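Colleague: What follows is a protein structure lacking sequence information:
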C-alpha cells in the first residue's frame, strides 16, 4: 500500500491542505504545532474511522462545523480513494455517513456504512485498525512502548497479534471438554438401562408374545364385526325406506291440513263474494234511480228554456252564450231609454227658454207670440211622446229582465246537474265492471273449492295406505343389529387399544435397548475421545512454545538486520538476542550482555526502531502473507543527538531501507529531514497550517 495524496479540510490546524507523498522516504518537517502529526492522525481517521481517544474533539478544527479527509493510495497496481467526514452537532462530534466513500479506479466500492468500507479496505490492503496502530503507525512516544513493557505483558500482547494465544485458549478449553466427557462417561456407567440389558430383552420377548395372541383375537373380531356391520346396514336400509314412507305420510298429513284450511278459506271467500255481489247490485240500482231523477230535472230545465225561446238541445257552452245575450238586450234597451230621456230633457229646456224669452233657440231671432205658442205646444207634444216611449222601454226592460232571470236559473241548474249525470253514469259503469270481476272471481273460487275437495279426498286415500306397525318392527330389528355391532366394535377397540399399548411398550423397550446399546457405543467413543484430547492438549502445550521460538528466531534476524543498517560501520556492533517473552537484549563485541534498560538513550531508540520494524515485517508476513509496505513514524528521533551522529545514522538507514516501499516520518529535526528523499515543510501562519514541497 502506498499513499499518494492526503487532503485535509478543517482538520486540527489545517483549513484546507493537500499533501502529496511519493515512494521511498518522505519527511514532514516543521516546528512545534505546525500540523505535522495532524496529517498522520488524518490518515488513520480516513482509513479506519476509529477515534484515537473517546471522541473526535482532537481532530476537528476548533469552531468548525464540518471537516473532511481524503486519502488516495495505490495497491497491487490499482488506484483507490477513501474519504470520511466529521460533523459537529451541539457539543458532540460524529462521523458524517454521507461523506463516507471508497473508490477503486473511480468506481464506487462502498459508502455510508463503516463496516462495509472496513471490509473492503481489509480485503484490499490486509490491514485493520488494530494492526495499523500496532505495526504501521508508530505514534510519538510509543516507539519504546513494547521495549518498556513487562516481559509477561509483552509476551501476552505479541502472542495475541501472532495468533499464538489461540493455542493457549484451545489448551484451556480442551480441559473443560475433558471434564465434560469424563462426567458423561461416569453417568453412562451408572445408567440403569445399561445395567439391566438382560431384563429389558426378556420383557421385550414377553410383550411380543402377548401382542401375537391379541393380534389373532383382533382378526377374529374384525371378521365378526364385518358380518354384524352388513346386518346393520341392511336393517338401516330397510328402516330408512320405511322412514321415508313415514316422512311422505307426514307430508301428506300436512298437505291434508293445508287442504282443509284452503277449503275453509275458499268457503269463507265464496260467502264474502256472494255478499259483495248482492251489495254491489243494490248500489248499482240506487245509482240508476239517482240518475233517473237527475235526468227528469234536466229535462224540466230544458223545457223551461224552450218556453222562453232558448234552444235547449244546445251544449252548455252555447247555452251560456244565449243567456249572456239577454244582458246585451237589456243593456241596449237601457241605452235607448237613456237617449230618449236626454232628448226629453233637451225639449223641456227649450220650452222653458221659449217661455222665458221670445228668441228662437236655434237661430236666435225674435218669435211671434203665435209661433212661440205653437212651437211650445209642439215641443210639449213631442215631450209627451218621449215620456210614453220611456215608459214603454221600462216595461220592455222589466219583462226582459224576468225572462233573463228564468233563463239564467234554468241554465245554472242544467249546468250543475249535467256533470252529476256524467259522474253517475261513470260510477254505474265502474260498479258494473267491479260486479263482473266479482262474479268471475266467484266462479273461480267455486272451481277451486271443487278441486280442493277432490285433492283432499285423494290425500286421505293415500294416508290410509300407511301401516305404522311395520315401521316399529323395522326399528326394533335395526336397534338389535346396532347393539350387536357396537358390542363387537367395543371389544375390538379394547383389543386394538391393548395392542397399541403393547406396541408402544414394545417400542419403548426396543428404544431403551437401542439407546442402551448406543450409550455403550458412546462410552467406548468417549474413552477414545478422552485419550485423543489428552494427546491433543499435550500437543498444543508443545506447539505454542515451538511456534513462538520460530517466530522469535525470524524476529531476531529481522531486528538484527535493521539494527546493523541503522548503526552502520561507524557505531559499535550490537548483537541482538530475544528470549521467550520477546524481550530483546544486546551483546557487545566484548561479549557483555545488557538489558534494554541499561542501554543509552540513543541505543535504546535505535533498538526500539529496529524492534518495531522487524516486528512489523514479521507480523505482516504472518497475518497477510505480504511484507510491511508502509511505515508512519511520528518523531522517531527522540533521545537521539546530532553530535554523536545517531540522528544522521537513523535517517541514513531509513533512506537505505528499501524493504519498506514507503516511509512517512514526522520530525522537527532538520538533520533528519536532510536524509529524506522527499521533504514536505509545514509552517503555521495566522493559526492555519501551510504546506510546501521542498524536494
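Modeller: Received the coordinates, thanks. All values derive from a computational prediction rather than experimental measurement.

Colleague: which residues are contacting stretch 580-588?
Modeller: With contacts defined as CB atoms under 8 Å, 6 or more residues apart in numbering, stretch 580-588 is touched by 146-147, 151-152, 154-155, 158, 545, 548-549, 552, 555, 559, 572-579, 593-596, 599, 603, 607, 611. Where C-beta positions appear, they are placed from N, C-alpha and C, glycine not excepted.

Colleague: Among the residues you listed, which lie within helices?
Modeller: Judged by DSSP state H, the subset of the contacts of stretch 580-588 located in helices is 146-147, 151-152, 154-155, 158, 545, 548-549, 552, 555, 559, 603, 607, 611.

Colleague: Low-confidence regions, the stretch 201-350 of the chain specifically.
Modeller: 312, 316, 319-320, 322-324, 326-327 (pLDDT under 70).

Colleague: hmm, 90 instead?
Modeller: Applying pLDDT under 90 to the stretch 201-350 of the chain picks out residues 201-226, 228-257, 259-260, 262-264, 266-267, 269-270, 273-274, 276-277, 280-350.

Colleague: what are the ranges of the helices in it?
Modeller: In the stretch 201-350 of the chain, the helices defined using DSSP state H, counting those that start in this stretch lie at 316-356.

Colleague: about what we covered before: put the buried members of the ones in helices among the contacts of stretch 580-588 into a PyMOL selection.
Modeller: A single PyMOL command is used to select the members of those judged buried by 16 or more other CB atoms under 10 Å:
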select buried, resi 146+147+154+155+158+548+552+555+559+603+607+611
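
Colleague: wait, which of the ones in helices among the contacts of stretch 580-588 is closest to residue 191?
Modeller: Distance to residue 191, by CB to CB, is smallest for residue 545 among the ones in helices among the contacts of stretch 580-588, at 41.6 Å.

Colleague: Please name the residues that touch the closest one.
Modeller: Contacts of residue 545 by CB under 8 Å, 6+ apart are residue 580.

Colleague: That one and residue 162, how far apart?
Modeller: Separation of residue 545 from residue 162 (CB to CB, to the nearest Å): 13 Å.

Colleague: Residue 461 now?
Modeller: Distance from residue 461 to residue 162, by CB to CB: 114 Å.

Colleague: who's more crowded, these two?
Modeller: The neighbour count for residue 461 versus residue 162, taken as other CB atoms under 10 Å, is higher for residue 162 (19 against 10).

Colleague: Go ahead and confirm that one touches residue 550.
Modeller: No. The pair residue 162 and residue 550 does not pass the contact test of CB atoms under 8 Å, sitting 10.2 Å apart.

Colleague: shouldn't residue 291 be in contact with residue 425?
Modeller: Yes. The pair residue 291 / residue 425 is scored as a contact, 6.6 Å apart, by CB under 8 Å.

Colleague: out of those two, which sits in the more crowded spot?
Modeller: Remark: of residue 291 and residue 425, residue 291 carries more neighbours, 17 against 13, as counted by other CB under 10 Å.

Colleague: Report the contact partners of that one.
Modeller: Neighbours of residue 291 in contact, by CB under 8 Å, 6+ apart: 421, 424-425, 428.

Colleague: how about low-confidence regions in the stretch 501-650 of the chain?
Modeller: 501-629, 633-650.

Colleague: can you give me the helices for it?
Modeller: 601-624, 646-656.

Colleague: any chance of these in TSV, plus distance to residue 281?
Modeller: Converted to TSV, those look like this (distance: least, CB to CB, whole Å):
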stretch	distance to residue 281
helix 601-624	126
helix 646-656	143
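
Colleague: nearest to residue 489, of these?
Modeller: Per CB to CB, nearest to residue 489 of the helices of the stretch 501-650 of the chain: helix 601-624, 78.3 Å.

Colleague: Let me know the angle separating the closest one from helix 646-656.
Modeller: Counting by axes from the mean of the first three to the mean of the last three CA atoms, to 10 degrees, helix 601-624 lies at 20 degrees to helix 646-656.

Colleague: So which bits of helix 601-624 are buried?
Modeller: Per 16+ other CB under 10 Å, helix 601-624 contains these buried residues: 602-620, 623.

Colleague: again with stretch 510-521
Modeller: For stretch 510-521, by 16+ other CB under 10 Å, it's 512-513, 516, 519.

Colleague: Could you measure from the spatially closest residue to residue 207 that is not a sequence neighbour over to residue 476?
Modeller: Nearest residue to residue 207, sequence neighbours excluded (CB to CB, 6 or more residues apart in numbering): residue 506, at 4.6 Å. Remark: distance between residue 506 and residue 476 (CB to CB) = 45 Å.

Colleague: And for residue 334?
Modeller: Residue 334 sits 118 Å away from residue 476, taking CB to CB as the criterion.

Colleague: do residue 404 as well
Modeller: Between residue 404 and residue 476 the distance is 108 Å, computed by CB to CB.

Colleague: who has more neighbours, the two?
Modeller: Comparing residue 404 with residue 476 by other CB under 10 Å, the one with more neighbours is residue 404, at 18 against 12.

Colleague: how far away is that one from residue 411?
Modeller: Note on residue 404: its distance to residue 411, by CB to CB, is 10 Å.

Colleague: cool, and residue 155?
Modeller: Counting by CB to CB - residue 155 and residue 411 are separated by 147 Å.

Colleague: Between all of the ones in helices among the contacts of stretch 580-588, which two are separated the most?
Modeller: Longest span within these, CB to CB: 545 and 603, 29.7 Å.

Colleague: Does the spatially most distant residue from the centre of the chain lie in a helix or a strand, and which?
Modeller: Farthest-out residue of the chain from its mean C-alpha position, per CA atoms, centre = their mean: residue 370, at 136.1 Å. Assigned by DSSP states H and E, residue 370 belongs to helix 369-463.
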